[in-house]
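Asker: Sequence below, structure please.
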Amino acid sequence: SVSVQSKYGSLNRDDVMQELRVVLNSGYDSHSLQRHPHLVLLDPTFYHAKMKVVMAKWVLLWLYQRFVGMCAVREETLLRYLTIDDVEAIRDEVENGLLPD
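Answerer: This is a model prediction of the structure:
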């Protein structure tokens, strides 16, 4: 089990992958997602209600592993930034937390 733990946060890759598997299977079962010929979102409401937060966690893991700067933004704030429609509401908090090297 690989964890990203440091100044960046503590999301666990295996846990996020398991959440994603559960959400994808739920989407296939409810016909909100299509499996073939490739993954296709059929119901945007499903994405916003069930999938968006899990995808944001996966994106955040990717960013944690590849971002070269310092970040003093709380994980909850970053997840919120990745999932809300009005990012202007928290833009300053995020930008001010991106520290110079």
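Asker: Tell me which helix or strand comes right after the longest helix seen in the chain.
Answerer: If you go by DSSP state H, the chain has its longest helix at helix 13-29. Note on helix 13-29: by DSSP states H and E, the next helix or strand toward the C-terminus is strand 33-34.
Asker: which residues are contacting that next one?
Answerer: The contact list for strand 33-34, computed with C-beta atoms under 8 Å, 6 or more residues apart in numbering, reads 24, 27-28, 39-43, 46. No exception for glycine: its C-beta is placed from N, CA and C like everyone else's.
Asker: pLDDT on stretch 53-68, on average?
Answerer: Across stretch 53-68, pLDDT averages out at 89.
Asker: Could you list the buried residues of that stretch?
Answerer: 53-58, 60-61, 64 (16 or more other C-beta atoms under 10 Å).
Asker: now stretch 26-41
Answerer: 27, 32-33.
Asker: Same check on stretch 75-82?
Answerer: By neighbour count with 16+ other C-beta under 10 Å, stretch 75-82 contains the buried residues 75, 78-82.
Asker: Quick one: distance of that stretch to the chain centre.
Answerer: With C-alpha atoms, centre = their mean, to the nearest Å as the basis, stretch 75-82 stands 8 Å off its chain's centre.
Asker: Then stretch 30-40?
Answerer: Relative to its chain's centre, stretch 30-40 lies at 20 Å (C-alpha atoms, centre = their mean).
Asker: Same question for stretch 59-74.
Answerer: Averaging C-alpha positions (C-alpha atoms, centre = their mean) puts stretch 59-74 12 Å from its chain's average.
Asker: Endpoint to endpoint, that stretch covers what distance?
Answerer: Using C-alpha to C-alpha, to the nearest Å, one end of stretch 59-74 lies 15 Å from the other.
Asker: still on that earlier bit, nearest to Met70, out of the contacts of strand 33-34: which one, please.
Answerer: Nearest to Met70 among the contacts of strand 33-34: Leu24, at 33.8 Å, using C-beta to C-beta.
Asker: Report the contact partners of that closest one.
Answerer: Per C-beta under 8 Å, 6+ apart, neighbours of Leu24: 33, 39.
Asker: next one: Glu95
Answerer: Residues counted as contacts of Glu95 (C-beta under 8 Å, 6+ apart): none.
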